[in-house]
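Undergrad: Take a look and give me a structure for this.
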Amino acid sequence: MTGHGAAEPLTAEAAGPLRGVAEIPGDKSVSHRALILGALAVGETRITGLLESEDVIRTAAAMRAFGAEVERDGGTWVVHGVGVGGFREPEDVIDCGNAGTGVRLVMGAMATTPVAATFTGDASLRRRPMGRVLDPLALFGAQAVGRRGGLLPLTLVGAETALPVQYTLPVPSAQVKSAVLLAGLNAPGETVVIENEATRDHTERMLRGFGAEIAIEEAAEGRVIRLTGQPELVPQQVAVPRDPSSAAFPVAAALMVPGSELRVPQVAMNPTRAGLFDTLVEMGADIAFENRREEGGEPVADLVVRHGPLRGVEVPPERAVSMIDEYPVLAALAATAEGRTVMRGIGELRVKECDRIDAMARGLEACGIRVEEGEDWMIVEGRPGEVEGGATVATRLDHRIAMSFLCLGLATRKPVTVDDASPIATSFPGFVPLMRSLGARIGG
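TA: Prediction:
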């Protein structure tokens, strides 16, 4: 048994080329934020393209618990918001499942409203540190009581009289930045966040779209974000672009499987999220970025991906923040590239849904790939056309580990099995049927 119910093993094996159109679901990061800001606006927000994954559905449920009306109307999600500072106290525990982004952003959104809420999650989320969010929220006047080390379950009591803060991020984290900005919405005056390295900026873009007064400047100390508190947010029509983190899997699979050619339309190309695609191009990947445009305040493009030889590269450490969720699938892809792929500055992977560096290293080794690793780095020695496979890989309740090894199994000599594919539903519930429609052989 896992935190998601009974384990669901799946096996991937080599077959013919992958061909067709890969319709990727909506961006998870944008989906979480659209629901939360819709709940904090006054009036009706309509969201199209929302990712209907377990993680996002948990955030929708949390917004209902805090008093917003959230319902699905055909293919559109409709949110009737309660306004900044309008959250009511939930009647029950907020269960965020596996949603690390969801729980941290929701904590931020409620931290400056004088209500109390108890948060929990699945076995994976209960092992993930919340202190990095709770520390800055305490500066606003919020108080947290829970397990040692800031682990879930915990109860957060919102500030009775919120204070604006100035906070410098100790490590690059879009989740922490976003939690502080959302908390700043109900604090009087100006809340300031300073980040030394730019992280994904969906929250800043969407706050501006909902009518918040937000200013961003580059200064000697880094990227400075200034938010004026207590605005009346204006409801919006939000079109969610397609998730580049989810697109990474069929893209990588097509690059691994000989003869493949895929079209992946409407993928978000936000520069704070596009580091993987920059890396793939450096590896020699045949990817065309067509019909570049802007949708819902986010840059998007249609990707055309063709299989071809890849070479190992050294990924610049400063790029990690723009592709942190894509390192597992990059490591799988690196196993099929010529030479060494060096990934540094990736210590954040140690505290994701699982220790992703260790999980990928052990799984790749089981498939016959040589891996070196340190606290914040990993090196994969590629064996193009000669990856043995034949292993059963422990996913450790991590959706990205599961999908990465199922993609790798499409290009190995022997099938690759993941011990539990059920966590995939947290971010990409249609992954397996989509891959099968493109020609992948994935079965139970």
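Undergrad: List the residues that contact E318.
TA: If you count contacts by CB atoms under 8 Å, 6 or more residues apart in numbering, E318 has them with E197, G345. Glycine gets a C-beta too; all of them are placed from N, C-alpha and C.
Undergrad: Assign it to helix, strand or coil.
TA: Under the three-state scheme (DSSP: H, G, I helix; E, B strand; the rest coil), the conformation of E318 reads as helix.
Undergrad: One more: A109?
TA: In terms of secondary structure, A109 is helix; the call rests on three-state DSSP.
Undergrad: Could I get the full set of helices for the stretch 151-300 of the chain?
TA: Counting by DSSP state H, counting those that start in this stretch, one finds helices in the stretch 151-300 of the chain at the ranges 174-184, 202-209, 244-256, 275-282.
Undergrad: would TSV of those with distance to C96, mean neighbour count and mean pLDDT be doable?
TA: Converted to TSV, those look like this (distance: least, CB to CB, whole Å; neighbours: other CB atoms under 10 Å; pLDDT from 0 to 100):
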stretch	distance to C96	mean neighbour count	mean pLDDT
helix 174-184	12	27	97
helix 202-209	18	22	96
helix 244-256	18	27	98
helix 275-282	26	20	98
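Undergrad: The ones you listed: which one's closest to K352?
TA: Go through the helices of the stretch 151-300 of the chain one by one with CB to CB and the one that ends up closest to K352 is helix 174-184, at 11.1 Å.
Undergrad: So which elements touch that closest one?
TA: Identification of packing neighbours for helix 174-184 by 3 or more CB pairs under 8 Å, 6 or more residues apart in numbering; DSSP states H and E yields helix 28-40, helix 100-110, helix 131-140, strand 190-195, helix 202-209, strand 222-228.
Undergrad: Okay, angle between that helix and helix 28-40 too, please.
TA: Computed by axes from the mean of the first three to the mean of the last three CA atoms, to 10 degrees, the angle separating helix 174-184 from helix 28-40 equals 10 degrees.
Undergrad: returning to that earlier point: reformat the helices and strands packed on helix 174-184 as CSV; add distance to M343.
TA: Compiled in CSV, these are given as follows (distance: least, CB to CB, whole Å):
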stretch, distance to M343
helix 28-40, 22
helix 100-110, 21
helix 131-140, 22
strand 190-195, 22
helix 202-209, 24
strand 222-228, 24
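Undergrad: For K352, which of these is the nearest?
TA: Shortest separation from K352 across the helices and strands packed on helix 174-184 is recorded for helix 100-110, at 7.6 Å, computed as CB to CB.
Undergrad: Return the list of strands paired to the following helix or strand past the closest one, each annotated with direction.
TA: Downstream of helix 100-110, the next assigned helix or strand under DSSP states H and E is strand 116-120. Using DSSP bridges, the strands paired with strand 116-120 in its sheet are strand 94-95 (parallel), strand 151-157 (antiparallel).
Undergrad: Could you list the residues in contact with the longest one?
TA: By that I understand strand 151-157. Here strand 151-157 has contacts from 93, 103, 107, 110-111, 115-121, 125-130, 134, 137, 142-147, using CB under 8 Å, 6+ apart.
Undergrad: Kindly recompute the last result at 10 Å.
TA: Residues lying outside strand 151-157 but in contact with it, judged by CB atoms under 10 Å, 6 or more residues apart in numbering, are 93-96, 103, 106-108, 110-111, 114-122, 125-131, 133-134, 137-138, 141-147.
Undergrad: what's the span of stretch 257-265, first residue to last?
TA: Taking CA to CA, to the nearest Å as the measure, stretch 257-265 stretches 20 Å from start to finish.
Undergrad: Flag every buried residue along it.
TA: V257, S260, L262, R263, V264, P265 (16 or more other CB atoms under 10 Å).
Undergrad: Report the mean confidence score over that stretch.
TA: When the per-residue pLDDT values of stretch 257-265 are averaged, the result is 98.
Undergrad: Give me the below-cutoff pLDDT ranges for the stretch 1-150 of the chain.
TA: Residues of the stretch 1-150 of the chain meeting the criterion pLDDT under 70: 1-5.
Undergrad: change it to 90
TA: Residues of the stretch 1-150 of the chain meeting the criterion pLDDT under 90: 1-6, 15, 129, 148-149.
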